[in-house]
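> coordinates for the following, if possible.
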Amino acid sequence: MPNDEKKSSKPRTQRKASASRSTPKTRTSKTKKETLSPAYKRPSLILKVLALAVVMLFFGFGIKFAIDQTFYANPLLGKWRAQTTLGIIEIEFERDTFSSFGSKNPISYEISKGSVVVMDERIKVGSTYKIIDENTIASEAGGFKTIYKRVK
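Residues are numbered from 1 along each chain as shown. Got it, this is the predicted structure:
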């Protein structure tokens, strides 16, 4: 039996040696894991900065929108249409401009509880618009009252 052990031990050592020759396959897989795992653990600095910039951009626009809607809520913003004896009149109020008859003028607003005074910045003349409801406003010029409906 001692001879059997010696004979059996030799092939085992040869097998171990041959098994050690196959280790480069496992070494390459270990190196792949080692090279990939740090990338998953630590995102690059550029990626972090880009993600932070996107988050800050959305956060900034969210705050700006909330402030505009809370403190500077203007019931006139949007398109309005009126039917008059002269025909259909369409006007549009934006945050700092007024459009009518194809021209755009810079304006400012003075908002009070039931009306809004729209001041043309070029000629320094204002018009008062009474707020009837959310979708209806009225203005009076030259003794004629004009009622506008919001265009959706």
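> longest helix of this protein, counting residues only.
Identified as the longest helix of the chain according to DSSP state H is helix 45-71.
> which parts of that helix are buried?
Residues of helix 45-71 classed as buried by neighbour count (16 or more other Cβ atoms under 10 Å): none. Using the backbone N, CA and C atoms, a C-beta is placed for each residue, glycine as well.
> which residue ranges of this protein form helices?
For the chain, the helices defined by DSSP H occupy 2-21, 23-41, 45-71.
> quick one, what contacts residue 121?
105, 106, 107, 108 (Cβ atoms under 8 Å, 6 or more residues apart in numbering).
> could you list the low-confidence segments of this structure?
When residues are selected by pLDDT under 70, those of the chain lie in 1-41, 68-72.
> what's the domain layout of it?
2-71, 78-150 (automatic domain parsing).
> now do the end-to-end distance for stretch 114-134.
When the termini of stretch 114-134 are compared using Cα to Cα, to the nearest Å, they are 11 Å apart.
> for that stretch, buried residues please.
116, 118, 129, 131.
> just flag the most distant two among those residues.
118 and 131 (12.3 Å; Cβ to Cβ).
> convert the C-alpha atoms of stretch 138-147 to PDB, please.
Coordinates of each C-alpha in stretch 138-147 appear next as PDB, following Å, rounded to 0.1, in the frame of the first residue of the first chain:
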ATOM      1  CA  ALA A 138     -63.000  94.200 -18.900                       C
ATOM      2  CA  SER A 139     -61.400  97.500 -20.000                       C
ATOM      3  CA  GLU A 140     -62.900 100.900 -20.700                       C
ATOM      4  CA  ALA A 141     -61.500 103.300 -23.200                       C
ATOM      5  CA  GLY A 142     -63.200 106.400 -24.700                       C
ATOM      6  CA  GLY A 143     -66.400 105.500 -23.000                       C
ATOM      7  CA  PHE A 144     -66.600 102.000 -24.500                       C
ATOM      8  CA  LYS A 145     -66.400  99.000 -22.400                       C
ATOM      9  CA  THR A 146     -64.600  96.000 -23.900                       C
ATOM     10  CA  ILE A 147     -65.000  92.500 -22.400                       C
END
